[in-house]
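Asks: Sharing a model that was predicted from the sequence below.
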Amino acid sequence: MTINLPKGKKIYFSSDNHLGAPTMEESRPRERIFLQWLEMARKDAQAIFLMGDLFDFWFEYKTVVPKGFVRTLGKLAEMRDEGIEIYFFVGNHDLWMNGYFEEELGIPVYHDPKVFTIDDKKFFLGHGDGLGPGDNGYKRMKKVFRGKFFQWLFRWGHPDIGMKIAQYMSVKNKLISGDDDHVFLGEENEWLAAYAKRKLETAHYDYFVFGHRHLPMTIQVGENSTYYNIGDWIAHYTYGVYDENGFKLEEFLKK
């Protein structure tokens, strides 16, 4: 996938909003801040990458999607209608997407990492869950959750029951959240940085951009390659932005 960046335009990256956590009421102030950020970005955005876990839980039944989030969904729909490109990478909390974003909002959804070329720079993009060494329990559970049989089985339950179970599991079950405890492990031990270094053994990428760790970080992984973690909208309110001057992490100044 190639994006040509016109002069004066920018590419924005956001991750880990976890809307709905720990409750809909408690997450609403964070959603309002995120909406302010979207309004800021729409002024000069060529494209926006949502890097996963926008929702703390999401499951698409055949004719039903989760209640709530109408302000966010409406804003994204407005921006797409204006011609702003928006791309969505599923995270470990909202991996059960099955066509709603594409059909209703016109937003492509990716379930695996993908390479984008922006002007002459190669970006390796993904949420980050299940990549790199370790976290084997989550990797096994992810295969189950992504399986067609599990999704078919879950869909047969009443949505009210399914949502309550899933929301409880989303908060309480470390196999869903992964072994990540949101503490910086040091450059040599950050497993997404290790994953990036391994990918560089077979191909060159200028930027690796992930979410999932909930920590804004910048790690040089090659002579001309950098790993960025976007951070989150729970503790850090950070985002990534790329323009003709390169990539940088910014903190959104809440209004």
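Replies: Yes, it's here.
Asks: worst-scoring helix or strand of this protein, pLDDT-wise?
Replies: helix 174-177 (a mean of 42; mean pLDDT, DSSP states H and E).
Asks: what element comes up after that helix heading to the C-terminus?
Replies: Note on helix 174-177: by DSSP states H and E, the next helix or strand toward the C-terminus is helix 191-199.
Asks: List the buried residues in that following helix.
Replies: By 16 or more other C-beta atoms under 10 Å, the buried positions in helix 191-199 come out as 191, 192, 193, 194, 195, 196, 197, 199. In this view, the C-beta of every residue, glycine as well, is placed from N, C-alpha and C.
Asks: For the second one, which residues are in contact?
Replies: In other words, residue 192. With contacts defined as C-beta atoms under 8 Å, 6 or more residues apart in numbering, the neighbours of residue 192 are 128, 131, 132, 208, 210, 212, 213, 227, 229.
Asks: number of nearby residues for the first one?
Replies: By other C-beta atoms under 10 Å, the residues close to residue 128 number 30.
Asks: all helices of the stretch 101-250 of the chain, in order?
Replies: Remark: helices assigned in the stretch 101-250 of the chain by DSSP state H, counting those that start in this stretch are 136-146, 148-155, 159-172, 174-177, 191-199.
Asks: any idea of the pLDDT on residue 84?
Replies: At residue 84, the pLDDT value in this model is 97.
Asks: Please state the backbone phi and psi of the residue nearest to it when sequence neighbours are not counted?
Replies: Among residues not flanking residue 84 along the chain, residue 45 sits closest, at 5.2 Å (C-beta to C-beta, 6 or more residues apart in numbering). As for residue 45, its main-chain torsions (degrees, to the nearest 10) stand at phi -80, psi 130.
Asks: So what's the residue count around residue 45?
Replies: Neighbour tally, residue 45, other C-beta under 10 Å: 19.
Asks: and the lengthiest helix in the chain, which residues are buried?
Replies: With secondary structure taken from DSSP state H, the chain has its longest helix at helix 24-41. Judged by neighbour count (16+ other C-beta under 10 Å), helix 24-41 contains these buried residues: 24, 27, 30, 31, 33, 34, 37, 38, 41.
Asks: For the helix or strand just after it, list the C-alpha coordinates in PDB.
Replies: Next helix or strand after helix 24-41 toward the C-terminus (DSSP H and E): strand 45-50. Taking C-alpha atoms only, strand 45-50 is exported to PDB below (Å, rounded to 0.1, in the frame of the first residue of the first chain):
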ATOM      1  CA  ALA A  45      -4.500  14.900   7.900                       C
ATOM      2  CA  GLN A  46      -3.900  13.000   4.700                       C
ATOM      3  CA  ALA A  47      -4.400   9.800   6.600                       C
ATOM      4  CA  ILE A  48      -5.100   8.500  10.100                       C
ATOM      5  CA  PHE A  49      -4.000   5.100  11.400                       C
ATOM      6  CA  LEU A  50      -5.900   3.600  14.300                       C
END
